[in-house]
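Colleague: Following is a predicted model, sequence given first.
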Amino acid sequence: MTGSLCSVWLVAGMALVLSSCTKDAFDLRSQYIGPYSFTVEVHGAHGVGQDWFITDTTYTDAGAVLNGSRSGIIEIKGSSFELQALLHEHASLTGYYNHGSGSFPSTGSIDYTYSFYSPSGSTRVHLAGNKQ
């Protein structure tokens, strides 16, 4: 009887150890990573003295969505931006080190908007990307 009780504890202990070493169950980043083509819209207003400079431009940029350094974090990179976002359930995104939010409407597209501020004004950037 003692031998079977020890076996039960041994199996339960091994199961606990193995379950604590497994990868996060909600790490779905792999379905979104890869090369992307982005359309980038930049809207901003900055004042210097009494002069205001308005930025309103749209351009395309080749980049990628990559796994971040932590579970659940993705990196969104282009030639003019490098962002990190937290991937939530249902493919929604929130900025990790930026004021941003968005989503993956499908596994082949991303929609993300972020803003940055300074004492002289603010800029809002909208990224719409398609996986290549």
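Modeller: Looks like it came in fine.
Colleague: what number of residues lie near residue 76?
Modeller: If you count neighbours by other Cβ atoms under 10 Å, residue 76 ends up with 26. For glycine as for every other residue, the C-beta is placed from the backbone atoms N, C-alpha and C.
Colleague: From the centroid of the chain, which residue is nearest?
Modeller: Centrality entry for the chain: nearest residue to the mean C-alpha point is residue 85, 2.7 Å, by Cα atoms, centre = their mean.
Colleague: Which of the residues in the top strand by length along the chain are classified as buried?
Modeller: When the chain is parsed with DSSP state E, its longest strand is strand 51-67. Within strand 51-67, the residues that count as buried by 16 or more other Cβ atoms under 10 Å are 61, 63-67.
Colleague: Skip ahead from that strand and say which helix or strand is next.
Modeller: Counting by DSSP states H and E, the next helix or strand C-terminal to strand 51-67 is strand 73-77.
Colleague: other SSEs contacting that next one?
Modeller: The contact analysis (3 or more Cβ pairs under 8 Å, 6 or more residues apart in numbering; DSSP states H and E) places strand 73-77 against strand 51-67, strand 82-87.
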